[in-house]
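coords please:
(chains A and B)
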Amino acid sequence: MSLQPDHQGEATSLSIANPKAALALVEHYRKHGFRDAGELLKFIEAFWGLRLPRAKVCPEHTPPAEYVNAAFFEEVQNCVCWANRGGGKTLNGALVTWLDSVFKTGCETKILGGSLEQSQKMYSHIQERFATSSFTHLVEGEMLKTFTKMAGGGSIQILTASSKSVRGPHPQKLKLDEVDEIDPELYEAALFIPQTARKIKASIQIYSTMHKAYGLMNRVITEAAESGFRIFKWCIFDVMEKCVGRDCEACALWEDCGGRAKNADGFIKIDDAITKKRMASREAWEAEALCLMPSQEGLIYREFDPSIHVVSDIG
Amino acid sequence: MSDAGKKTMMLSKKGEFQAGLPVIHKARQARIRQVQEMKLSGFRPGEIATKLGISRRQVDRDLKDGKILSRLMAQEFDQDSFLGDSIKFWLQIRWKSMRDSEMCQEENARIGHRRNAMTAQEKLVKELQDCGLLAKVPQRLLLGADLPFEDPEVRQAYLDFLILARERGEKNLGV
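Below you'll find the model as predicted:
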């Protein structure tokens, strides 16, 4: 683990690597499962170097770690991750997909994005970040461009944004990435995809920002309670790095942060957030970073407010 | 040089006379060491003279000849014996600490003894490496596939170890 100079002055690498130990641990978890949420998060950090933000920064939001745990342990079937841009939605979706495929024998997942490119993003995360050497023996053959067959019967498949592709076999899991970009008709058809099988519960997990005032995401969120979707929401402050030693009064984020970032444990750099805030319009900042309200950009009457401009009776 | 010409004291191993170096009586050698120790302890030359009942001038001479005496002793220094003694010392500490650990009834004290044994072992290895007697250093620390992962503490320790290694920038984790 450390680098020690040997007696001749040359650096000697002392490695802790033994793939057999890692494989043995993965096998243990495949057979016996994870003891609790903490152990799962630690496994993710140890094997992929991914430390999921777990601090509750905004009282009304949920940190990403909570979503990953709830999804993996199937505490929730259908859910929506409403989060900021760059907040790790697609990455977390990829992580949960891979965890399901590896540790739940026979688990099948389909990924549908607003476009094929979006679907591929999630799949690429799996290929490049999560399908590491400790797991490749669990893949049957090779990971193909749009399809991966797992040993034991599971699979991961990305769908093109067409009605034909969503009318096929029924896996247990469906991931909808950037739902605001998905055609509403396609979305309706996709809802019928997942089915419970092999003791693995059917679930639909949706990931998106809400950047359209009257888009599909808006509808999903509005109807979430009725449709049985649990909402996991995190904003830029929930995934921001811990703020240390900055002067709040002089900070450009103070208006929105109010000192909350001092409790954060995420990964987004504060300086990056400040730059984004300065560059973006207020509406875009609120929708894309704070997850507050959909942007009204592009609407004809931006300032139209029904409570002000609509009256029930004239005269 | 005081006492010059009295051929009694040589510090060479075989007792041979070494050209260019003064000869110092054994009795005076003892006093010189005493003067040196008192000087190192913070006494002034005048105080040393009073304590030992000699003149201040004699103290100065003893301090001057003391330097030559030290040089002679350094020439006589047996590095192999010193190294052997040091190795023996750390081996004894390790052995004793392990024995104490085995004999000990109390758990905390037992852990303390084991720590001492580990420290002694580390010191010993370092000493052997520093002097070139131990040329082989570990290239890889292998954790076996037969680790008892059914034990939650073992799993936690293994995961913690991987996380720590990542934080230290280790690339080759075998995961």
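
any idea which helix or strand carries the spatially most central residue of chain B?
When CA atoms, centre = their mean is applied to chain B, the residue found nearest the centroid is B:Ser86 (6.3 Å). According to DSSP states H and E, B:Ser86 maps onto helix B:79-103.

Which is the succeeding secondary structure element to that helix?
The C-terminal neighbour of helix B:79-103 among helices and strands, as given by DSSP H and E, is helix B:107-130.

Briefly note if that following helix comes near chain A.
Yes. Judged by CB under 8 Å from any CB of the partner chain, helix B:107-130 comes into contact with chain A at B:Gln129, B:Asp130. (Glycine included, C-beta is placed from N, CA and C.)

Keeping just the C-alphas, turn that helix into PDB.
Once side chains and other backbone atoms are set aside, the C-alpha atoms of helix B:107-130 remain, and they are given as PDB (Å, rounded to 0.1, in the frame of the first residue of the first chain):
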ATOM      1  CA  GLU B 107      -6.800  -8.600  27.200                       C
ATOM      2  CA  ASN B 108      -5.600  -5.000  26.900                       C
ATOM      3  CA  ALA B 109      -2.200  -5.700  28.400                       C
ATOM      4  CA  ARG B 110      -1.900  -8.700  26.000                       C
ATOM      5  CA  ILE B 111      -2.600  -6.300  23.000                       C
ATOM      6  CA  GLY B 112       0.000  -3.900  24.500                       C
ATOM      7  CA  HIS B 113       2.700  -6.600  24.600                       C
ATOM      8  CA  ARG B 114       1.900  -7.600  21.000                       C
ATOM      9  CA  ARG B 115       2.300  -4.100  19.900                       C
ATOM     10  CA  ASN B 116       5.700  -3.900  21.600                       C
ATOM     11  CA  ALA B 117       6.600  -7.100  19.800                       C
ATOM     12  CA  MET B 118       5.500  -5.700  16.500                       C
ATOM     13  CA  THR B 119       7.500  -2.500  17.100                       C
ATOM     14  CA  ALA B 120      10.600  -4.500  17.900                       C
ATOM     15  CA  GLN B 121      10.100  -6.500  14.800                       C
ATOM     16  CA  GLU B 122       9.800  -3.300  12.700                       C
ATOM     17  CA  LYS B 123      12.900  -1.800  14.300                       C
ATOM     18  CA  LEU B 124      14.800  -5.000  13.700                       C
ATOM     19  CA  VAL B 125      13.800  -5.200  10.000                       C
ATOM     20  CA  LYS B 126      14.700  -1.600   9.500                       C
ATOM     21  CA  GLU B 127      18.000  -2.000  11.100                       C
ATOM     22  CA  LEU B 128      18.800  -5.100   9.000                       C
ATOM     23  CA  GLN B 129      17.700  -3.300   5.800                       C
ATOM     24  CA  ASP B 130      19.700  -0.100   6.700                       C
END
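
about what we covered before: who are the packing partners of the helix holding B:Ser86?
helix B:107-130 (3 or more CB pairs under 8 Å, 6 or more residues apart in numbering or on different chains; DSSP states H and E).

residues of the next helix or strand after the helix it packs on that come out buried?
Tracing the chain C-terminally past helix B:107-130 and defining elements by DSSP H and E, one meets helix B:152-167 next. Of the residues in helix B:152-167, those scored as buried under the neighbour-count criterion (16 or more other CB atoms under 10 Å in any protein chain shown) are B:Arg155, B:Tyr158, B:Leu159, B:Phe161, B:Leu162, B:Ile163, B:Ala165, B:Arg166.

swap in stretch A:125-141?
For stretch A:125-141, a neighbour-count test (16+ other CB under 10 Å) marks A:His125, A:Ile126, A:Gln127, A:Phe130, A:Ala131, A:Ser134, A:Phe135, A:Leu138, A:Val139 as buried.

Mind listing what's buried along stretch B:46-54?
Here stretch B:46-54 shows B:Ile48, B:Ala49, B:Leu52 as buried, counting by 16+ other CB under 10 Å.

If we only consider those, which is nearest to chain A?
B:Ile48 (44.3 Å; CB to the nearest CB).

For chain A, see how far away B:Arg71 is.
For B:Arg71, the distance to chain A under the criterion CB to the nearest CB, to the nearest Å works out to 30 Å.

can you confirm that residue is in a helix?
Yes. Using DSSP: H, G, I helix; E, B strand; the rest coil, the secondary structure at B:Arg71 is a helix.

A:Lys145 is in contact with A:Ile156, correct?
No. A:Ile156 is not in contact with A:Lys145 according to CB atoms under 8 Å; the separation is 11.8 Å.

so for stretch B:64-76, what's the average pLDDT?
The pLDDT scores in stretch B:64-76 average 83.

buried sites along it?
Of all the residues in stretch B:64-76, those buried under the rule 16+ other CB under 10 Å are B:Asp65, B:Gly66, B:Leu69, B:Leu72.

Not including adjacent chain positions, what is the nearest residue to residue 127?
Using chain A. A:Met143 (5.5 Å; CB to CB, 6 or more residues apart in numbering or on different chains).

looking at chain B here, not the other one
Skipping the residues right next to it in sequence, B:Glu127 comes nearest to B:Ser86 by CB to CB, 6+ apart, at 6.3 Å.

does A:Ile231 sit in a helix, a strand or a coil?
strand.

Just give the number of residues close to it.
For A:Ile231, the neighbour count with other CB atoms under 10 Å in any protein chain shown is 15.

how close does it sit to B:Arg115?
A:Ile231 sits at a distance of 51 Å from B:Arg115 (criterion: CB to CB, to the nearest Å).

And A:Ser165, what's its pLDDT?
84.

That one and chain B: what is the separation?
Between A:Ser165 and chain B the distance is 34 Å, computed by CB to the nearest CB.

list the contacts for that residue?
Listed by CB atoms under 8 Å, 6 or more residues apart in numbering or on different chains, the contact set of A:Ser165 reads A:Leu112, A:Leu159.

how deep is residue 104 tucked in, by neighbour count?
As the question left the chain open, I've gone with chain A. Neighbouring residues of A:Lys104 were enumerated by other CB under 10 Å; the total is 23.

that's the wrong chain, I meant chain B
Residues near B:Cys104, counting by other CB under 10 Å: 15.

hmm, back to that, out of the buried residues of helix B:152-167, what pair is the most spread apart?
Considering CB to CB, no two members of these lie farther apart than B:Arg155 and B:Arg166, which are separated by 16.8 Å.

and chain B, what are its domains?
Structural domains of chain B, as assigned by automatic domain parsing, span the residue ranges B:1-77, B:78-137, B:139-175.

Would you mind naming what in the stretch 151-300 of chain A lies close to chain B?
The stretch 151-300 of chain A comes close to chain B at no residue, as judged by CB under 8 Å from any CB.
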